[in-house]
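S.K.: Mind folding the following:
(one chain, ligands or ions: 3)
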Amino acid sequence: MWRRRLGALLLRSPPSSSSTAASSLQHRRHHLLPTQEPLALNRLARLFTSQAGSDGDGGHSQKPFIAFVLGGPGSGKGTQCTKIASDFGFAHLSAGDLLRHEIASGSEKGELILDIIKQGRIVPSEITVELIRKAMEMSNANKVLIDGFPRCEENRVAFERIVGTEPDIVIFFDCPEDEMVKRLLGRNQGRVDDNIETIKKRLKVFESLNIPVVDYYSSRGKVHKINATGTADEIFEAVRRIFSSLRF
Ligand SMILES: Nc1ncnc2c1ncn2[C@@H]1O[C@H](COP(=O)(O)OP(=O)(O)OP(=O)(O)O)[C@@H](O)[C@H]1O
Ligand SMILES: Nc1ccn([C@@H]2O[C@H](COP(=O)(O)O)[C@@H](O)[C@H]2O)c(=O)n1
Ligand SMILES: [Mg+2]
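M.R.: Ligands and ions are numbered 1, 2, ... in the order given. Model (predicted):
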């Protein structure tokens, strides 16, 4: 889908005098991403077009392999992603970390994000997807873990529309609620949402909005469900089996 969209636009020929392939891509993408800069557009197009191997800039030439990593709050997504990144060479992009980074930047958007995170609600998808898209572009990685995303149908649809592709696989960490609560209350990293009131809200949001997304990807045969109880190392053994069997 990614290739179809971007590739068709890039490789369309011959370009008319008023509309080169690159400018028609920019024009088309302009409707999707009104704030995007042309330079970034060109690079994105090179990164994710199957014909881009000849671009000579040392970047990867194909759409990256994308794994969405889902699970309830405290199920161990971040812990396991760190291990996957280290053992299998993935870039680890955490949606929550990107949002927290935006808060730390002191931007106006950051104030809105902080307010939403404190309430355990979901940040508007356009904001989160744009942060992920930029991080993917910056990382230039050919294997990417997207941790804690998509959290709802709106997230999922926005990613497909803005980034223009679907994940290759979805990892789902299945953990009982009482274990998740225990882990979150013991995390001790100073997160504004690691308090029992916000945790209860996050659990509700997880059940009502995130589980339907997992069900959607299950129906498309993309979900690998992992029992997230036991030690982090035990869980990683199950994770390792999945990633070792993948071809990317
Ligand atoms: N298997 C495990 N057993 C016990 N504690 C764990 C396990 N895995 C992770 N933890 C701890 O639980 C806490 C939550 O883990 P982690 O941050 O990886 O979860 P998460 O799914 O990313 O949570 P969130 O959605 O809130 O970001 C951390 O303090 C982590 O060290
Ligand atoms: N796709 C997402 C991801 C996260 N959020 C908000 O950030 C909070 C923390 O996320 P973690 O993945 O670090 O647990 C989460 O509770 C949401 O408020 C989001 O809106 N959209
Ligand atoms: Mg996390």
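
S.K.: any residue of stretch 203-222 up close to ligand 3?
M.R.: No. Stretch 203-222 lies out of reach of ligand 3 by C-beta under 5 Å from the ion, never closer than 12.4 Å. Any C-beta I mention is one placed from the backbone N, CA and C, and that applies to glycine too.

S.K.: buried sites along that stretch?
M.R.: By 16 or more other C-beta atoms under 10 Å, the buried positions in stretch 203-222 come out as Leu203, Val205, Phe206, Leu209, Asn210, Val213, Val214, Tyr217, Lys222.

S.K.: and the nearest residue to Glu177 once chain neighbours are set aside, what helix or strand is that in?
M.R.: Of all residues not flanking Glu177 in the chain, Leu203 sits nearest, at 6.1 Å (C-beta to C-beta, 6 or more residues apart in numbering). Applying DSSP states H and E as the criterion places Leu203 in helix 196-205.

S.K.: Packing partners of whichever helix or strand comes after that helix?
M.R.: Using DSSP H and E, the helix or strand that follows helix 196-205 in sequence is helix 211-219. Applying 3 or more C-beta pairs under 8 Å, 6 or more residues apart in numbering; DSSP states H and E, one finds that helix 211-219 contacts strand 65-71, helix 153-162, strand 169-174.

S.K.: Check whether Gly78 really touches Asp147, as I assumed.
M.R.: Yes. Assessed by C-beta atoms under 8 Å, Gly78 is found in contact with Asp147 at 6.1 Å.

S.K.: between the two, what contacts are shared?
M.R.: Common neighbours of Gly78 and Asp147, using C-beta atoms under 8 Å, 6 or more residues apart in numbering, are Ser94.

S.K.: okay, the two: which has more neighbours?
M.R.: Asp147 (25 against 18; other C-beta atoms under 10 Å).

S.K.: beta partners for that one?
M.R.: Val69, Ser94 (DSSP bridges).

S.K.: residue contacts, it?
M.R.: Counting by C-beta under 8 Å, 6+ apart, Asp147 has contacts Val69, Lys77, Gly78, Cys81, His92, Leu93, Ser94, Ala95, Gly96, Asp97.

S.K.: Distance check, the fifth one against Gly148.
M.R.: Same thing as His92. 11 Å (C-beta to C-beta, to the nearest Å).

S.K.: more crowded one of those two?
M.R.: For His92 and Gly148, the more surrounded residue by other C-beta under 10 Å is Gly148, and the numbers stand at 23 against 20.

S.K.: Next one: the more buried one from Asn210, what distance?
M.R.: Per C-beta to C-beta, Gly148 is found 9 Å from Asn210.

S.K.: Could you name every residue contacting both of these two?
M.R.: Shared contacts of Gly148 and Asn210, counting by C-beta under 8 Å, 6+ apart, come down to Leu70.

S.K.: if we can go back for a sec, tell me if the helix holding Leu203 is near ligand 2.
M.R.: Yes. Interface with ligand 2: helix 196-205 contributes Arg202 (C-beta under 6 Å from any ligand atom).

S.K.: I'd like to know which of the contacts of Asp147 is nearest to ligand 3.
M.R.: Here the nearest of those to ligand 3, counting by C-beta to the ion, is Gly78; it sits at 3.4 Å.
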